[in-house]
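1. no sequence on this one, just coordinates:
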């Protein structure tokens, strides 16, 4: 422990000579929210009825054997991860993490706030923010890799509507 404190004290002295107040800098840094990405918990599978995900696999975290299988498990994983992180955190949520409303899943061009109500209520209860973005992959209408530049107008319109609904 003494060795660690000695190193910190040395660093503080070096930075002080450069006009940097280390304690103030650390406090300011801890106040900047860091966003945890949803895909860390489930390999970008999402919770759609016909989840597409991505190929190749990403590094996943979690407190379950394998990836989170439900929104509740993913929210619990977020809470666990945030318990280890200093400072301010928030989450990043892709549209493919929409939840069914009255037992019905919405396709991406039909999602509404109600599909994310549980996420918002959970985040509000924890006092954290949500960064939200569309999911322009992992869907049959994105299989060719050109969702917004597709030659077929119907496909383009589908993805434009998805983006509009995610605003």
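-> Right, received. Where do you want to start? Everything numeric here is computed off the predicted structure, so don't read it as measured data.

2. next structured bit after the worst-scoring helix or strand of the chain on mean pLDDT?
-> Least confident helix or strand of the chain, by mean pLDDT, DSSP states H and E, is helix 39-42 with a mean of 70. Note on helix 39-42: by DSSP states H and E, the next helix or strand toward the C-terminus is helix 71-84.

3. in this protein, which spans are strands?
-> When secondary structure is read from DSSP state E, the chain shows strands at 34-37, 89-94, 130-133.

4. Need the winner for burial among those.
-> Most buried of these by mean neighbour count (mean count of other C-beta atoms under 10 Å) is strand 89-94; its value is a mean of 20. C-beta here means a position set from N, CA and C on the backbone, and glycine is covered the same way.

5. can you list the weak-confidence ranges in the protein?
-> Low-confidence segments of the chain, defined by pLDDT under 70, are located at 1-4, 41-45, 49-65.

6. could you say what helices and strands the lengthiest helix in the chain packs with?
-> In the chain, ranked by residue count with DSSP state H as the criterion, the top helix is helix 2-17. With contacts defined as 3 or more C-beta pairs under 8 Å, 6 or more residues apart in numbering; DSSP states H and E, the packing partners of helix 2-17 are helix 22-30.

7. between the helix it packs on and helix 2-17, how many degrees?
-> Angle of helix 22-30 versus helix 2-17, following axes from the mean of the first three to the mean of the last three C-alpha atoms, to 10 degrees, is 90 degrees.

8. Now do the buried residues in helix 22-30.
-> By neighbour count on 16 or more other C-beta atoms under 10 Å, the buried set for helix 22-30 is empty.

9. Now distance to residue 113 too, for the strands of the chain, in CSV please.
-> As requested, the strands of the chain are arranged in CSV below (distance: least, C-beta to C-beta, whole Å):
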stretch, distance to residue 113
strand 34-37, 20
strand 89-94, 13
strand 130-133, 11
